Each structure stands twice: as C-alpha cells, then as structure tokens.
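Engineer: Sequence plus predicted model, see below.
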Amino acid sequence: MEKNIISKTQSEKVKVGDPAPLFSLPDSSGIEVKLKEYIGKKSIVLYFYPKDYTSGCTTEACTFRDRYELFLKAGAEVIGISGDSSESHTDFAATYKLPFVLLSDVKNKVRKLYKVGTTLGIIPGRVTYIIDKEGIIRHIFSSQFNPKKHIDEALLVLNEMNK
C-alpha cells in the first residue's frame, strides 16, 4: 500500500479540500490499481459500498452503470470499493455488466484510510468521494439507505466542477 499523501491522526476524518489519500488495491482480475494513476487525467468518483449482491449495493452499482456515459462525459471515472474478494467482484461485474472498476479491500485498509465508518456498528458504510483531476476531495456524500442518491450527488457535483 502506498503512503498516505496527507498527514492525519487516527481520529481525523478525511474532508473536503484534503488531498485524496493514495492507495493501491486489486481489481476484479487481481491487477493492482493505483489511485495516483488517475490523478492529473480524470476526476474520480470513488464509492465505498457494503457488499456485492446485496439489494442496496446492486441498485447502486446498476444505477452507476446506467448513467456511466454521463460520468465519462463529465470527465470522470467511477471506482467502487468493498471488502469482497476479486473473484466476487468478477462475478458481480459480469452478472450486472458493470463497465467500471471494482476494487477489493478485503482487509478494509482503504476503508480505514478514508475513515469510512459503519452503520449500526456492523454494516460497512456507503460513502462516495468526488476527487478532482488534481487529486483533491471536492465532495463527500454518505447515505447508507439511499444508494441512488450517490449517483445523483456525484453527477451534480461533477457538473458544477465543470462549469
């Protein structure tokens, strides 16, 4: 894992205006994807979700899929992260024809790096970060029970950034 580019204490949350913490995680093929490879090229919609194949997560992923072209037109790439294995992501992406990258954070290191908490102390949080081309976090949206709102929020913020 790469060094965090910001110096944070364990209790400090990542917030709007901060440089996005850099990381490296395997994609559904097991190939390491580094966040820094996107910086300077595209904005990033980095979304953390609880688990492949669950109702809310499937709704969220399919809504990102259905509106993916709008993200590309806005100059952004969508990246999903959960604690599921690369194999689970491979099946999940194939089943729902997901055109974007899913990363496997089995040990929740990146989830902890971004300070994504839990709901009711047990359900991994659902949080979306909008990161601009320079690698700065421009928006954070958290809603465990309204997965479609993550897509609406992300597109709204990207369109505002592009004005």
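Structural biologist: That came through, no problem.
Engineer: Any chance you could list what contacts stretch 66-75?
Structural biologist: 42-43, 45, 64, 77-78, 99-100, 133, 151, 154-155, 158-159, 162 (Cβ atoms under 8 Å, 6 or more residues apart in numbering). The C-beta positions use only the backbone N, C-alpha and C, and glycine is treated the same way.
Engineer: Just the ones of the residues you listed in helices?
Structural biologist: 64, 151, 154-155, 158-159 (DSSP state H).
Engineer: got those residues as a markdown table, with pLDDT, neighbour count and distance to Ser28 columns?
Structural biologist: Formatted as a markdown table, the ones in helices among the contacts of stretch 66-75 follow (pLDDT from 0 to 100; neighbours: other Cβ atoms under 10 Å; distance: Cβ to Cβ, whole Å):
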| residue | pLDDT | neighbour count | distance to Ser28 |
| --- | --- | --- | --- |
| Phe64 | 98 | 26 | 15 |
| Ile151 | 97 | 26 | 21 |
| Ala154 | 97 | 26 | 21 |
| Leu155 | 98 | 18 | 24 |
| Leu158 | 97 | 21 | 24 |
| Asn159 | 94 | 12 | 29 |
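Engineer: okay if I get those as JSON lines plus distance to Thr58?
Structural biologist: What follows is the ones in helices among the contacts of stretch 66-75, written out as JSON lines (distance: Cβ to Cβ, whole Å):
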{"residue": "Phe64", "distance to Thr58": "11"}
{"residue": "Ile151", "distance to Thr58": "13"}
{"residue": "Ala154", "distance to Thr58": "18"}
{"residue": "Leu155", "distance to Thr58": "20"}
{"residue": "Leu158", "distance to Thr58": "23"}
{"residue": "Asn159", "distance to Thr58": "26"}
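Engineer: Okay, strands next: where are they in this structure?
Structural biologist: Along the chain, counting by DSSP state E, strands occupy 24-26, 32-34, 43-48, 76-82, 101-104, 118-119, 123-124, 127-131, 137-142.
Engineer: and these, which one is worst for confidence?
Structural biologist: Mean pLDDT values for the strands of the chain show the minimum at strand 118-119, a mean of 87.
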